[in-house]
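Enquirer: Take this sequence and fold it.
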Amino acid sequence: MFSSIRQIEDYLQTLIPDSSQLRFPGEEGIKRTKEFLKLLDSPQNKLKIIHIAGTSGKGSTSFMISNLLAAHGFTVGLSLSPHLLDMRERFEINNHLISPQKFINYFEEIAPSIEKMISSQYGKITYFEALVGMTYYTFFKEKVDYAVVETGLGGEFDGTNTVDRTDKLAVLSRIGFDHMKILGTTLPEITHQKAMICAMRGDLITINQYPSVYEEIKKVVDKKKGHLLIVKKNATKNITLTQENTTLSFKWNSMAFKNITLGLLGGHQVQNASLALAALGHLSKRDKFTLKIDTVVSTLRTLRFKGRFDIISRKNGQIILDGAHNVPKMKAFLKALKKIYPDKKFTFIIAFKKGKEYKKMLQLIIPYAIKIVVTHIFSESQDLQHFSVSAKAIVDEVSRLGFYQVTTVSNIKDIVRMIRMDASSCVITGSLYLLGDIYTELE
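Expert: Numbers count the residues shown, from 1 in each chain. Next up, the predicted model:
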């Protein structure tokens, strides 16, 4: 039926909803995804799952947990959403893409069930739901020991939240405001959606959160008769940030690490690393495997994660790429930028997806900018057509804020040409979809 990845991508395009209401269908979507997974013999319930939700840091936390488990000798599935460069990032095995042929073979095996759903009581599944099925099916076929799964959005009604096993480990990264039209307008409402990934009688690990966030998490975990584990702020000490790495000491329960070096940059990665270490420690105790200190230290030191404070060095300055696309992420990124480059300003190349709080993000960016270059995104290769805030709206807002070194460049090839010719260092941020386009063109 399919002879190439491109054919599969074209087929999946036909499943992309034409509105966000259809993309985020709430409880109906969860029922539909479960029905689809049932046709695949419910592979999600045959796996040990680590399920990660949050507003900021869930991708980095997932990435670190996956690498740490793989370094301990396990076969690990990792699902990231959205993908940056390749759809197969949604079902990696030991942090590597599966081969094109395996991808085609597995998709051909699930395609009849996708077609069968059209005539079911729930109707045609969405692009995201199809890839959730592909994720769990691939991980089952590959016989993974653990599956590390990042939610797409929210948690309670996210297509990934279809696991019934009580041993699913839920992990919550930093929670703040984002996707408010879908998740709610208050922190407790948003938190409730995300905390609902907690399994019945399951464990949930999180970091220190705002009081209202913590109270809601506790409420959800108590309702689920689960067990809440908190990684408090004082678990990490001796934090230093440089252009090369981030260092820290970590102590939580019976775990203790001195002078850990992170390959991932920024103070926000300290929080993510503490969550990843806590998850690893909890699993080692629960599943009775030995935690290897040297393995943990060497693994964290060598990690690089595209799109997360990723520095590309060149003769005439650095290119810094970070996928910060909401206010909490942008605050964390810029705080790290200031810490690492205390007396430096940058050319910012930006685009924001429609619906984001771009005015607040521009206020944060301007103090660090010598020039702002506005571009745009249009993606129809993932779970919904994504349009950017218009260049005019951004330029008008930047001017209103009293910053006039702003220009627009709409073509990505021209952006990359400009980056290569510019003598100053530049920051590319505002959207993972923008970063995907830039990486593709740079490479």
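Enquirer: Model confidence score at residue 123, please.
Expert: Predicted confidence (pLDDT) for residue 123: 92.
Enquirer: My guess is it contacts residue 117. True?
Expert: Yes. Residue 123 is within contact range of residue 117, at 7.3 Å (criterion: Cβ atoms under 8 Å). Where C-beta positions appear, they are placed from N, C-alpha and C, glycine not excepted.
Enquirer: Spell out which residues are contacts of both of those two.
Expert: Shared contacts of residue 123 and residue 117 (Cβ atoms under 8 Å, 6 or more residues apart in numbering): residue 32.
Enquirer: quick one, which of these two is more surrounded?
Expert: residue 117 (22 against 12; other Cβ atoms under 10 Å).
Enquirer: Nearest spatial neighbour of the more buried one, chain-adjacent residues omitted?
Expert: residue 125 (4.9 Å; Cβ to Cβ, 6 or more residues apart in numbering).
Enquirer: ok, the one you found touching residue 14?
Expert: No. Counting by Cβ under 8 Å, residue 125 sits too far from residue 14 to count as a contact (11.1 Å).
Enquirer: So which of these two has more stuff around it?
Expert: Per other Cβ under 10 Å, whichever of residue 125 and residue 14 has more neighbours is residue 125, with 25 against 8.
Enquirer: Now that one: which helix or strand?
Expert: Counting by DSSP states H and E, no helix or strand carries residue 125.
Enquirer: Distance-wise, check it relative to residue 110.
Expert: 11 Å (Cβ to Cβ, to the nearest Å).
Enquirer: Check residue 370 too.
Expert: Distance from residue 370 to residue 110, by Cβ to Cβ: 50 Å.
Enquirer: Pick out whichever of these two has more residues nearby.
Expert: The residue with more neighbours, out of residue 370 and residue 110, is residue 110; 20 against 13, by other Cβ under 10 Å.
Enquirer: before we move on, what SS does the more buried one have?
Expert: Following DSSP: H, G, I helix; E, B strand; the rest coil, residue 110 is assigned to helix.
Enquirer: just residue 428 next, same as before
Expert: Per three-state DSSP, residue 428 ends up strand.
Enquirer: re the thing from before, pull the contacting residues for the residue nearest to residue 117.
Expert: 15, 32, 33, 36, 114, 117, 133.
Enquirer: what's the neighbour count on residue 11?
Expert: 16.
Enquirer: Tell me the buried residues in the helix or strand hosting it?
Expert: Per DSSP H and E, residue 11 falls inside helix 5-13. By neighbour count on 16 or more other Cβ atoms under 10 Å, the buried set for helix 5-13 is 5, 8, 11, 12.
Enquirer: could those residues be laid out in CSV, adding pLDDT and distance to residue 48?
Expert: Output for the buried residues of helix 5-13, formatted as CSV (pLDDT from 0 to 100; distance: Cβ to Cβ, whole Å):
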residue, pLDDT, distance to residue 48
5, 93, 28
8, 95, 28
11, 94, 31
12, 94, 28
